[in-house]
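Novice: sequence plus predicted model, see below.
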Amino acid sequence: MGAMGSERTVRINAPAKVNLVLRVLDRRPDGYHNLWSVMQTVGLEDELYVRLSARPGIRLQCDEAGMPTDGRNLVVRAATAVMTRAGHAESRPPGVEIPLIKRIPVSAGLGGGSSDAAATIVALNALLGLGWSREAMGSVGAPLGSDVPFFLFSPSALVRGRGEDVTALAVTGTRWIVLVNPGFPIETRWAYEKLSAGRTAVQPLSEALHRIDRSGVVSWEQAVGLMENDFEAALVPTHGVLGKIKQQLLTAGAEAALLSGSGATVFGVFRDQTAAVRAQQACSRTEGWRVFAVPAGTAPLSCEAGGTPHPTSVG
């Protein structure tokens, strides 16, 4: 990546993710839960343009109305963390400007904020010629959010612990994914509270999941049969529309359908684009739902030199 250090602007796409498996295990001493998840990127992507500037400070611009662009945003926090780790905390560090085109729904279980943060780390690694490995970038991203390290190892990975333990996973075959977002967010902390309040014990991982852990490979045919999310049973009783979406996706021909992350997006797995687009059209008839038909899997995070946001893409 050092070869890109001379470029002053890079463009990078930040993909959404789905959890093909999401098991929430025991509570850790730090108050968080240990996770075991099979995560997969999908072809719904935010777009970032990251450039160095003579004007000091980190400035984020976003076309999503109401999106904070200060230190509450993971992009700003990621840029700050990179500059600090890289030793650019001197009196006159280079400035960073980041226009962000947002396509991934917010607080939707799709990891959009974490993906944007990971993309920011990758872009600044290139712009500043830091030469950091994925592991080094992951150590910068892990404190920002449990999903951030995954995106540095995407498109598919096993994620364990609080999210910092990531192992690349080979998912063989191809599929299309239909994402259905009901138009409201589910706050992650609240989802964990509902999950904890509703269960008396933690079910151990199945032998089939242990086999994936050992082999590092799973086919789509196997994955479809193993899909599960511990949050689903906890959230459907209070958000009945999640169950309605799941049933509609299955009726439309999905091989399987599941809540992603802690919601509120539900996704269906389809064998090909034609079936996925047909299901997208059926689900899009419900007012308020945001529906996307996208391929499963994207290229690993990488940036290209130059470019500016297309005016029709913003706003």
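Specialist: Nice, thanks for sending it over.
Novice: pLDDT below threshold where in the stretch 151-300 of the chain?
Specialist: Per-residue confidence for the stretch 151-300 of the chain (pLDDT under 70) gives no ranges below the cut-off.
Novice: for it, what spans make up the helices?
Specialist: Here the stretch 151-300 of the chain has its helices, by DSSP state H, counting those that start in this stretch, at 188-197, 207-215, 220-226, 230-235, 240-251, 273-283.
Novice: what's the fourth one in contact with?
Specialist: The contact list for helix 230-235 (Cβ atoms under 8 Å, 6 or more residues apart in numbering) reads 22-24, 186, 191, 194-195, 198-199, 242, 258-259, 261-263. The C-beta positions use only the backbone N, C-alpha and C, and glycine is treated the same way.
Novice: which of those are buried?
Specialist: Neighbour-count burial (16 or more other Cβ atoms under 10 Å) applied to the contacts of helix 230-235 gives 22-24, 186, 191, 194-195, 242, 258-259, 261-263.
Novice: what's the burial count for Arg271?
Specialist: 16 (other Cβ atoms under 10 Å).
Novice: what distance do you get for it to Val122?
Specialist: Remark: distance between Arg271 and Val122 (Cβ to Cβ, to the nearest Å) = 32 Å.
Novice: what does Ser133 give?
Specialist: 12 Å.
Novice: quick one, strands of this protein?
Specialist: Ranges of strands in the chain, per DSSP state E, are 9-27, 33-53, 58-62, 95-101, 156-161, 165-168, 170-172, 176-181, 217-219, 228-229, 256-259, 266-270, 290-295, 303-305.
Novice: save the buried ones among the contacts of helix 230-235 as JSON lines, and put in distance to Arg162 too.
Specialist: As requested, the buried ones among the contacts of helix 230-235 are exported to JSON lines (distance: Cβ to Cβ, whole Å):
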{"residue": "Leu22", "distance to Arg162": "14"}
{"residue": "Arg23", "distance to Arg162": "14"}
{"residue": "Val24", "distance to Arg162": "11"}
{"residue": "Ile186", "distance to Arg162": "20"}
{"residue": "Ala191", "distance to Arg162": "16"}
{"residue": "Lys194", "distance to Arg162": "19"}
{"residue": "Leu195", "distance to Arg162": "16"}
{"residue": "Leu242", "distance to Arg162": "25"}
{"residue": "Leu258", "distance to Arg162": "22"}
{"residue": "Leu259", "distance to Arg162": "20"}
{"residue": "Gly261", "distance to Arg162": "14"}
{"residue": "Ser262", "distance to Arg162": "14"}
{"residue": "Gly263", "distance to Arg162": "19"}
